[in-house]
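> sequence unavailable; structure follows:
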(Lines give C-alpha, C1' and ligand atoms only; values in the text may rest on other atoms or scores of the structure.)
Protein backbone atom coordinates (compact mmCIF):
# COMPACT_ATOMS: atom_id res chain seq x y z
CA UNK A 1 0.00 0.00 0.00
CA UNK A 2 2.85 2.36 0.87
CA UNK A 3 4.59 1.54 -2.44
CA UNK A 4 1.32 2.12 -4.29
CA UNK A 5 0.92 5.49 -2.61
CA UNK A 6 4.50 6.59 -3.34
CA UNK A 7 4.35 5.52 -6.99
CA UNK A 8 0.87 6.66 -7.98
CA UNK A 9 0.18 9.22 -5.24
CA UNK A 10 -3.21 7.66 -4.62
CA UNK A 11 -5.75 9.36 -2.43
CA UNK A 12 -8.52 6.80 -2.40
CA UNK A 13 -11.34 9.28 -2.87
CA UNK A 14 -11.76 12.89 -3.77
CA UNK A 15 -13.81 14.93 -1.35
CA UNK A 16 -17.34 13.85 -2.15
CA UNK A 17 -19.78 16.72 -2.26
CA UNK A 18 -23.34 15.47 -2.67
CA UNK A 19 -24.92 18.79 -3.53
CA UNK A 20 -28.46 19.26 -4.80
CA UNK A 21 -27.32 19.08 -8.45
CA UNK A 22 -25.91 15.59 -7.88
CA UNK A 23 -29.04 14.41 -6.07
CA UNK A 24 -31.30 15.81 -8.78
CA UNK A 25 -29.23 14.16 -11.54
CA UNK A 26 -29.27 10.86 -9.66
CA UNK A 27 -33.04 11.16 -9.28
CA UNK A 28 -33.47 11.86 -13.00
CA UNK A 29 -31.27 9.06 -14.35
CA UNK A 30 -31.45 6.31 -11.74
CA UNK A 31 -33.86 6.59 -8.83
CA UNK A 32 -36.72 8.11 -10.85
CA UNK A 33 -36.77 5.45 -13.61
CA UNK A 34 -36.47 2.75 -10.93
CA UNK A 35 -39.55 4.10 -9.09
CA UNK A 36 -41.54 4.11 -12.36
CA UNK A 37 -40.41 0.58 -13.25
CA UNK A 38 -41.05 -0.66 -9.69
CA UNK A 39 -44.64 0.68 -9.71
CA UNK A 40 -45.36 -0.68 -13.20
CA UNK A 41 -44.18 -4.19 -12.27
CA UNK A 42 -46.01 -4.21 -8.94
CA UNK A 43 -49.31 -2.93 -10.40
CA UNK A 44 -49.37 -5.16 -13.47
CA UNK A 45 -47.52 -8.21 -12.06
CA UNK A 46 -45.45 -8.44 -15.22
CA UNK A 47 -42.06 -7.22 -16.36
CA UNK A 48 -41.54 -4.28 -18.73
CA UNK A 49 -39.22 -3.24 -21.54
CA UNK A 50 -37.88 -6.16 -23.60
CA UNK A 51 -39.55 -8.67 -21.25
CA UNK A 52 -43.01 -7.08 -21.11
CA UNK A 53 -44.75 -10.35 -22.00
CA UNK A 54 -43.24 -12.07 -18.96
CA UNK A 55 -45.67 -12.61 -16.04
CA UNK A 56 -43.99 -11.70 -12.74
CA UNK A 57 -45.95 -12.29 -9.55
CA UNK A 58 -44.24 -10.60 -6.62
CA UNK A 59 -45.10 -8.67 -3.46
CA UNK A 60 -43.85 -5.24 -2.38
CA UNK A 61 -41.24 -6.47 0.14
CA UNK A 62 -39.53 -8.88 -2.26
CA UNK A 63 -39.57 -6.34 -5.08
CA UNK A 64 -38.08 -3.74 -2.72
CA UNK A 65 -35.26 -6.18 -1.92
CA UNK A 66 -34.45 -6.47 -5.64
CA UNK A 67 -34.66 -2.68 -6.02
CA UNK A 68 -32.06 -2.30 -3.24
CA UNK A 69 -29.68 -4.61 -5.16
CA UNK A 70 -30.32 -2.69 -8.39
CA UNK A 71 -29.50 0.68 -6.79
CA UNK A 72 -26.63 -0.56 -4.64
CA UNK A 73 -24.58 -2.49 -7.22
CA UNK A 74 -23.58 0.49 -9.42
CA UNK A 75 -22.42 2.59 -6.44
CA UNK A 76 -18.92 1.18 -6.84
CA UNK A 77 -18.90 2.40 -10.46
CA UNK A 78 -19.92 5.91 -9.39
CA UNK A 79 -16.99 6.13 -6.98
CA UNK A 80 -14.32 4.67 -9.30
CA UNK A 81 -13.87 8.01 -11.10
CA UNK A 82 -13.32 9.67 -7.72
CA UNK A 83 -10.19 7.66 -6.90
CA UNK A 84 -7.37 10.20 -6.92
CA UNK A 85 -4.30 8.97 -8.79
CA UNK A 86 -1.67 11.59 -9.56
CA UNK A 87 -1.01 10.39 -13.12
CA UNK A 88 -4.74 10.32 -13.90
CA UNK A 89 -5.20 13.83 -12.53
CA UNK A 90 -2.36 15.10 -14.76
CA UNK A 91 -3.84 13.28 -17.76
CA UNK A 92 -7.29 14.76 -17.16
CA UNK A 93 -5.86 18.24 -16.73
CA UNK A 94 -4.10 18.06 -20.10
CA UNK A 95 -6.81 16.07 -21.82
CA UNK A 96 -9.50 18.76 -21.88
CA UNK A 97 -9.43 22.52 -22.44
CA UNK A 98 -10.58 24.56 -19.45
CA UNK A 99 -13.56 25.80 -21.41
CA UNK A 100 -14.96 25.95 -24.92
CA UNK A 101 -15.38 29.41 -26.42
CA UNK A 102 -18.67 30.39 -28.06
CA UNK A 103 -16.83 30.73 -31.37
CA UNK A 104 -15.56 27.14 -31.20
CA UNK A 105 -18.95 25.94 -29.96
CA UNK A 106 -20.69 27.47 -32.98
CA UNK A 107 -18.08 26.05 -35.37
CA UNK A 108 -18.32 22.47 -34.08
CA UNK A 109 -22.09 22.41 -33.66
CA UNK A 110 -22.69 23.99 -37.09
CA UNK A 111 -20.36 21.45 -38.73
CA UNK A 112 -22.07 18.55 -36.97
CA UNK A 113 -25.52 19.90 -37.93
CA UNK A 114 -24.54 20.10 -41.61
CA UNK A 115 -22.98 16.62 -41.62
CA UNK A 116 -26.06 15.06 -40.04
CA UNK A 117 -28.40 16.97 -42.36
CA UNK A 118 -26.62 15.99 -45.58
CA UNK A 119 -25.33 12.51 -44.69
CA UNK A 120 -27.59 11.35 -41.84
CA UNK A 121 -26.76 8.93 -39.03
CA UNK A 122 -26.79 5.17 -38.78
CA UNK A 123 -30.37 4.37 -37.73
CA UNK A 124 -30.87 2.07 -34.73
CA UNK A 125 -30.94 -1.56 -35.85
CA UNK A 126 -29.26 -1.02 -39.24
CA UNK A 127 -25.79 -0.80 -40.74
CA UNK A 128 -23.90 2.20 -42.17
CA UNK A 129 -25.77 3.97 -44.96
CA UNK A 130 -22.71 5.88 -46.18
CA UNK A 131 -19.09 6.48 -45.25
CA UNK A 132 -19.63 9.91 -43.68
CA UNK A 133 -22.47 8.60 -41.50
CA UNK A 134 -20.10 5.86 -40.32
CA UNK A 135 -17.39 8.43 -39.51
CA UNK A 136 -19.87 10.55 -37.53
CA UNK A 137 -20.81 7.58 -35.37
CA UNK A 138 -17.15 6.83 -34.59
CA UNK A 139 -17.69 9.74 -32.24
CA UNK A 140 -21.02 9.23 -30.56
CA UNK A 141 -22.73 12.59 -31.28
CA UNK A 142 -24.50 12.49 -27.92
CA UNK A 143 -21.16 12.39 -26.08
CA UNK A 144 -19.83 15.23 -28.23
CA UNK A 145 -22.86 17.37 -27.40
CA UNK A 146 -22.60 16.56 -23.68
CA UNK A 147 -18.87 17.33 -23.55
CA UNK A 148 -19.22 20.77 -25.15
CA UNK A 149 -22.34 21.52 -23.11
CA UNK A 150 -20.58 20.82 -19.80
CA UNK A 151 -17.38 22.66 -20.78
CA UNK A 152 -19.41 25.71 -21.85
CA UNK A 153 -22.53 25.49 -19.68
CA UNK A 154 -24.22 28.65 -20.93
CA UNK A 155 -27.46 29.54 -22.70
CA UNK A 156 -25.90 29.28 -26.16
CA UNK A 157 -24.56 25.77 -25.52
CA UNK A 158 -27.94 24.74 -24.06
CA UNK A 159 -29.77 26.03 -27.14
CA UNK A 160 -27.47 24.32 -29.66
CA UNK A 161 -27.21 21.12 -27.59
CA UNK A 162 -31.00 20.85 -27.39
CA UNK A 163 -31.36 21.41 -31.14
CA UNK A 164 -28.70 18.82 -31.97
CA UNK A 165 -30.07 16.20 -29.60
CA UNK A 166 -33.51 16.60 -31.17
CA UNK A 167 -31.93 16.30 -34.62
CA UNK A 168 -30.05 13.16 -33.54
CA UNK A 169 -33.34 11.64 -32.34
CA UNK A 170 -34.99 12.23 -35.73
CA UNK A 171 -32.11 11.00 -37.88
CA UNK A 172 -31.16 8.00 -35.71
CA UNK A 173 -34.85 7.10 -35.30
CA UNK A 174 -34.25 6.54 -31.61
CA UNK A 175 -35.61 8.77 -28.86
CA UNK A 176 -32.88 8.04 -26.30
CA UNK A 177 -31.30 11.42 -27.11
CA UNK A 178 -34.60 13.11 -26.17
CA UNK A 179 -34.17 11.75 -22.65
CA UNK A 180 -30.67 13.29 -22.56
CA UNK A 181 -32.12 16.52 -23.98
CA UNK A 182 -34.58 16.68 -21.11
CA UNK A 183 -31.75 15.95 -18.67
CA UNK A 184 -29.46 18.80 -19.77
CA UNK A 185 -32.32 21.31 -19.71
CA UNK A 186 -33.41 20.25 -16.23
CA UNK A 187 -29.89 20.33 -14.76
CA UNK A 188 -29.16 23.72 -16.38
CA UNK A 189 -32.22 25.42 -14.96
CA UNK A 190 -31.95 23.53 -11.66
CA UNK A 191 -28.36 24.79 -11.28
CA UNK A 192 -29.59 28.38 -11.74
CA UNK A 193 -31.45 27.93 -8.43
CA UNK A 194 -28.29 27.11 -6.46
CA UNK A 195 -28.62 30.36 -4.52
CA UNK A 196 -32.06 29.19 -3.42
CA UNK A 197 -31.32 25.79 -1.82
CA UNK A 198 -34.73 25.55 -0.15
CA UNK A 199 -36.42 25.77 -3.54
CA UNK A 200 -34.06 23.11 -4.90
CA UNK A 201 -34.96 20.76 -2.04
CA UNK A 202 -38.64 21.49 -2.62
CA UNK A 203 -38.26 20.52 -6.31
CA UNK A 204 -36.40 17.29 -5.44
CA UNK A 205 -39.03 16.23 -2.88
CA UNK A 206 -41.85 17.39 -5.18
CA UNK A 207 -40.43 15.36 -8.08
CA UNK A 208 -40.23 12.28 -5.89
CA UNK A 209 -43.85 12.78 -4.85
CA UNK A 210 -45.00 13.11 -8.49
CA UNK A 211 -43.06 9.96 -9.47
CA UNK A 212 -44.75 8.02 -6.68
CA UNK A 213 -48.17 9.29 -7.84
CA UNK A 214 -47.45 8.19 -11.42
CA UNK A 215 -46.17 4.79 -10.29
CA UNK A 216 -48.72 3.76 -7.71
CA UNK A 217 -51.92 5.67 -8.56
CA UNK A 218 -54.07 6.48 -11.57
CA UNK A 219 -54.13 10.22 -10.83
CA UNK A 220 -51.47 11.05 -13.43
CA UNK A 221 -51.60 9.17 -16.74
CA UNK A 222 -49.01 9.77 -19.45
CA UNK A 223 -50.01 6.83 -21.63
CA UNK A 224 -51.63 9.02 -24.34
CA UNK A 225 -48.53 11.22 -24.67
CA UNK A 226 -46.25 8.17 -24.78
CA UNK A 227 -48.51 6.48 -27.33
CA UNK A 228 -48.22 9.55 -29.61
CA UNK A 229 -44.40 9.55 -29.27
CA UNK A 230 -44.11 5.83 -29.98
CA UNK A 231 -46.45 6.05 -32.98
CA UNK A 232 -44.29 8.88 -34.35
CA UNK A 233 -41.16 6.77 -33.83
CA UNK A 234 -42.75 3.82 -35.65
CA UNK A 235 -43.58 6.12 -38.57
CA UNK A 236 -39.96 7.33 -38.70
CA UNK A 237 -38.75 3.74 -38.85
CA UNK A 238 -41.32 2.83 -41.50
CA UNK A 239 -42.72 0.12 -39.25
CA UNK A 240 -46.27 -1.12 -39.83
CA UNK A 241 -46.45 -2.82 -36.42
CA UNK A 242 -49.22 -1.17 -34.42
CA UNK A 243 -48.38 0.06 -30.93
CA UNK A 244 -50.47 -1.24 -28.08
CA UNK A 245 -51.50 1.79 -25.96
CA UNK A 246 -51.73 -0.34 -22.83
CA UNK A 247 -48.19 -1.67 -23.27
CA UNK A 248 -46.47 1.53 -24.47
CA UNK A 249 -45.85 2.77 -20.92
CA UNK A 250 -44.16 -0.52 -20.03
CA UNK A 251 -42.00 -0.40 -23.16
CA UNK A 252 -40.99 3.21 -22.47
CA UNK A 253 -39.98 2.53 -18.86
CA UNK A 254 -37.85 -0.36 -20.03
CA UNK A 255 -35.83 2.05 -22.19
CA UNK A 256 -34.68 4.19 -19.25
CA UNK A 257 -34.47 1.52 -16.53
CA UNK A 258 -32.99 -1.99 -16.73
CA UNK A 259 -34.59 -3.07 -13.45
CA UNK A 260 -36.92 -5.40 -15.34
CA UNK A 261 -33.97 -6.96 -17.21
CA UNK A 262 -32.21 -7.61 -13.91
CA UNK A 263 -35.34 -9.29 -12.49
CA UNK A 264 -35.65 -11.50 -15.58
CA UNK A 265 -32.02 -12.61 -15.27
CA UNK A 266 -32.16 -13.16 -11.51
CA UNK A 267 -35.36 -15.23 -11.56
CA UNK A 268 -35.09 -17.19 -14.82
CA UNK A 269 -33.70 -20.70 -14.99
CA UNK A 270 -30.70 -20.02 -17.19
CA UNK A 271 -28.36 -22.92 -17.82
CA UNK A 272 -24.62 -22.37 -18.03
CA UNK A 273 -23.54 -19.94 -20.75
CA UNK A 274 -20.48 -20.50 -22.94
CA UNK A 275 -17.93 -17.71 -22.73
CA UNK A 276 -14.57 -16.98 -24.35
CA UNK A 277 -11.62 -16.84 -21.97
CA UNK A 278 -10.96 -13.18 -21.05
CA UNK A 279 -13.87 -12.11 -23.25
CA UNK A 280 -13.94 -8.64 -21.63
CA UNK A 281 -10.33 -8.09 -22.69
CA UNK A 282 -11.34 -9.01 -26.23
CA UNK A 283 -14.19 -6.47 -26.10
CA UNK A 284 -11.66 -3.76 -25.15
CA UNK A 285 -9.27 -4.55 -28.03
CA UNK A 286 -12.06 -5.17 -30.56
CA UNK A 287 -11.88 -1.56 -31.98
CA UNK A 288 -8.27 -2.26 -33.00
CA UNK A 289 -8.96 -5.72 -34.50
CA UNK A 290 -12.18 -5.42 -36.49
CA UNK A 291 -12.44 -9.10 -37.52
CA UNK A 292 -12.05 -10.36 -33.95
CA UNK A 293 -14.95 -12.65 -33.01
CA UNK A 294 -16.12 -12.52 -29.41
CA UNK A 295 -18.46 -14.71 -27.44
CA UNK A 296 -18.88 -12.46 -24.41
CA UNK A 297 -21.59 -12.57 -21.75
CA UNK A 298 -23.91 -10.26 -23.74
CA UNK A 299 -23.79 -12.34 -26.93
CA UNK A 300 -24.02 -15.63 -25.06
CA UNK A 301 -27.07 -14.54 -23.05
CA UNK A 302 -28.91 -13.07 -26.06
CA UNK A 303 -28.18 -16.16 -28.16
CA UNK A 304 -29.58 -18.29 -25.32
CA UNK A 305 -32.76 -16.21 -24.86
CA UNK A 306 -33.49 -15.08 -28.44
CA UNK A 307 -31.73 -17.68 -30.57
CA UNK A 308 -28.69 -17.54 -32.85
CA UNK A 309 -30.67 -16.08 -35.78
CA UNK A 310 -31.86 -13.08 -33.72
CA UNK A 311 -31.98 -9.59 -35.27
CA UNK A 312 -31.81 -7.68 -32.00
CA UNK A 313 -30.53 -7.98 -28.44
CA UNK A 314 -31.68 -7.14 -24.95
CA UNK A 315 -29.88 -5.13 -22.26
CA UNK A 316 -28.61 -6.90 -19.15
CA UNK A 317 -28.16 -4.25 -16.41
CA UNK A 318 -24.97 -4.11 -14.35
CA UNK A 319 -26.24 -6.49 -11.59
CA UNK A 320 -27.50 -8.84 -14.32
CA UNK A 321 -24.10 -8.88 -16.02
CA UNK A 322 -22.33 -9.71 -12.76
CA UNK A 323 -24.86 -12.46 -11.97
CA UNK A 324 -24.54 -14.04 -15.43
CA UNK A 325 -20.73 -14.11 -15.24
CA UNK A 326 -21.00 -16.46 -12.28
CA UNK A 327 -23.63 -18.53 -14.14
CA UNK A 328 -21.36 -18.91 -17.16
CA UNK A 329 -19.45 -22.09 -17.92
CA UNK A 330 -16.23 -20.69 -16.44
CA UNK A 331 -14.50 -21.06 -13.09
CA UNK A 332 -15.29 -18.59 -10.27
CA UNK A 333 -11.68 -17.35 -10.51
CA UNK A 334 -12.13 -16.58 -14.23
CA UNK A 335 -15.42 -14.81 -13.49
CA UNK A 336 -13.66 -12.64 -10.89
CA UNK A 337 -10.90 -11.91 -13.42
CA UNK A 338 -13.53 -10.84 -15.98
CA UNK A 339 -15.03 -8.46 -13.39
CA UNK A 340 -11.60 -7.05 -12.52
CA UNK A 341 -10.98 -6.27 -16.20
CA UNK A 342 -14.43 -4.65 -16.37
CA UNK A 343 -13.86 -2.42 -13.34
CA UNK A 344 -10.21 -1.66 -14.15
CA UNK A 345 -11.16 -0.43 -17.61
CA UNK A 346 -13.86 1.84 -16.16
CA UNK A 347 -11.44 3.22 -13.55
CA UNK A 348 -8.99 4.14 -16.34
CA UNK A 349 -11.82 5.50 -18.47
CA UNK A 350 -12.85 7.72 -15.55
CA UNK A 351 -9.70 9.78 -16.06
CA UNK A 352 -11.08 10.78 -19.46
CA UNK A 353 -14.34 12.20 -18.13
CA UNK A 354 -14.35 15.98 -18.68
CA UNK A 355 -14.21 18.25 -15.66
CA UNK A 356 -16.45 21.29 -15.70
CA UNK A 357 -15.69 24.55 -13.93
CA UNK A 358 -19.43 25.01 -13.49
CA UNK A 359 -20.73 21.71 -12.11
CA UNK A 360 -19.93 19.04 -9.52
CA UNK A 361 -17.87 16.26 -11.12
CA UNK A 362 -20.37 13.65 -9.94
CA UNK A 363 -23.06 15.22 -12.15
CA UNK A 364 -20.87 14.64 -15.21
CA UNK A 365 -20.08 11.07 -14.08
CA UNK A 366 -23.80 10.31 -13.78
CA UNK A 367 -24.53 11.71 -17.26
CA UNK A 368 -21.70 9.91 -19.05
CA UNK A 369 -22.04 6.55 -17.28
CA UNK A 370 -25.82 6.28 -17.63
CA UNK A 371 -25.90 4.42 -20.96
CA UNK A 372 -23.23 1.93 -19.89
CA UNK A 373 -24.82 1.23 -16.51
CA UNK A 374 -28.27 0.94 -18.08
CA UNK A 375 -27.13 -1.87 -20.37
CA UNK A 376 -24.38 -3.31 -18.17
CA UNK A 377 -22.47 -4.00 -21.38
CA UNK A 378 -18.73 -3.28 -21.42
CA UNK A 379 -18.92 -2.34 -25.10
CA UNK A 380 -20.88 0.79 -24.14
CA UNK A 381 -17.96 1.96 -21.98
CA UNK A 382 -15.48 1.08 -24.76
CA UNK A 383 -17.56 3.17 -27.16
CA UNK A 384 -17.57 6.01 -24.63
CA UNK A 385 -13.77 5.91 -24.25
CA UNK A 386 -13.28 5.90 -28.03
CA UNK A 387 -15.59 8.89 -28.39
CA UNK A 388 -13.96 10.87 -25.57
CA UNK A 389 -10.46 10.37 -26.99
CA UNK A 390 -11.53 11.60 -30.43
CA UNK A 391 -13.51 14.52 -28.98
CA UNK A 392 -10.52 15.57 -26.88
CA UNK A 393 -8.27 15.44 -29.96
CA UNK A 394 -10.68 17.63 -31.96
CA UNK A 395 -11.14 20.20 -29.18
CA UNK A 396 -7.42 20.48 -28.45
CA UNK A 397 -6.65 20.76 -32.15
CA UNK A 398 -9.09 23.65 -32.55
CA UNK A 399 -7.91 25.29 -29.34
CA UNK A 400 -4.26 25.18 -30.41
CA UNK A 401 -5.06 26.56 -33.85
CA UNK A 402 -7.07 29.33 -32.26
CA UNK A 403 -4.22 30.14 -29.88
CA UNK A 404 -1.70 30.04 -32.72
CA UNK A 405 -3.78 32.47 -34.80
CA UNK A 406 -4.06 34.89 -31.90
CA UNK A 407 -0.30 34.75 -31.42
CA UNK A 408 0.37 35.50 -35.09
CA UNK A 409 -2.04 38.43 -35.01
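It's in. Just so you know, these numbers come straight off a predicted model, no measurement behind them.

> for the protein, give me the ranges with low pLDDT.
Across the chain, residues meeting the criterion (pLDDT under 70) sit at 1-17, 76-94, 120, 122-137, 219-246, 308-312, 399-409.

> which residues of the stretch 251-400 of the chain fall in helices?
259-267, 279-285, 297-306, 318-327, 332-349, 361-375, 378-408 (DSSP state H, counting those that start in this stretch).

> do you know which of those helices lies nearest residue 35?
The closest of the helices of the stretch 251-400 of the chain to residue 35 is helix 259-267. By Cβ to Cβ, the value is 9.7 Å. To be clear about C-beta, it is placed using only N, CA and C from the backbone, and glycine gets the same treatment.

> quick one, that closest one and helix 318-327 angle?
20 degrees (axes from the mean of the first three to the mean of the last three Cα atoms, to 10 degrees).

> contact partners of helix 259-267?
Residues from elsewhere that reach helix 259-267 (Cβ atoms under 8 Å, 6 or more residues apart in numbering): 33-34, 37-38, 41, 47-52, 54, 56, 66-67, 69-70, 253-254, 301, 314-317, 319-320, 323-324.

> equivalent analysis for stretch 63-75, please.
30-31, 34, 38, 41-42, 259, 262-263, 266, 317-319, 322, 373.

> pull the distance from that stretch to the chain's centre.
18 Å (Cα atoms, centre = their mean, to the nearest Å).

> then stretch 320-331?
Per Cα atoms, centre = their mean, the centroid offset for stretch 320-331 relative to its chain is 22 Å.

> pull out the buried residues from that stretch.
Neighbour-count burial for stretch 320-331 flags 320-325, 327-328, 330 (criterion: 16 or more other Cβ atoms under 10 Å).

> and these as a markdown table, adding distance to residue 99?
Formatted as a markdown table, the buried residues of stretch 320-331 follow (distance: Cβ to Cβ, whole Å):
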| residue | distance to residue 99 |
| --- | --- |
| 320 | 39 |
| 321 | 36 |
| 322 | 38 |
| 323 | 42 |
| 324 | 42 |
| 325 | 41 |
| 327 | 47 |
| 328 | 46 |
| 330 | 47 |
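
> so for stretch 155-171, what gets flagged as buried?
Under the neighbour-count criterion of 16+ other Cβ under 10 Å, stretch 155-171 has 157-158, 160-162, 164-165, 167-171 buried.

> from those, which land in helices?
157-158, 160-162, 164-165, 167-171 (DSSP state H).

> now, which of those sits nearest residue 188?
residue 158 (5.2 Å).

> does that closest one really touch residue 184, like I thought?
Yes - look at residue 158 against residue 184 with Cβ atoms under 8 Å: they come within range, at 6.7 Å.

> which residues do these two both contact?
residue 149.

> quick one: residue 348 from residue 28, how far?
Look at residue 348 and residue 28: by Cβ to Cβ, to the nearest Å, they are 27 Å apart.

> who's more crowded, these two?
Of the pair residue 348 and residue 28, residue 28 is the one with more neighbours under other Cβ atoms under 10 Å, namely 21 against 15.

> sorry, back to before: adding distance to residue 210, write the buried residues of stretch 155-171 out as CSV.
Shown next, in CSV, are the buried residues of stretch 155-171 (distance: Cβ to Cβ, whole Å):
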residue, distance to residue 210
157, 28
158, 24
160, 30
161, 25
162, 23
164, 29
165, 24
167, 29
168, 28
169, 24
170, 28
171, 32
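
> can you pull the buried residues of stretch 265-276?
Result for stretch 265-276 [16+ other Cβ under 10 Å]: buried residues 265-266, 270, 273, 275-276.

> possible to save these as CSV with distance to residue 112?
CSV is the format used below for the buried residues of stretch 265-276 (distance: Cβ to Cβ, whole Å):
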residue, distance to residue 112
265, 37
266, 41
270, 42
273, 40
275, 38
276, 37
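
> ok, so of those residues, who is nearest residue 390?
residue 276 (27.5 Å).

> that closest one is in contact with residue 294, isn't it?
Yes - shown here, residue 276 and residue 294 form a contact pair, counting by Cβ under 8 Å, at 6.1 Å.

> about what we covered before: just the buried ones from the contacts of helix 259-267?
Looks like these have 33-34, 37-38, 41, 47-52, 56, 66-67, 70, 253-254, 301, 314-317, 319-320, 323-324 buried, using 16+ other Cβ under 10 Å.
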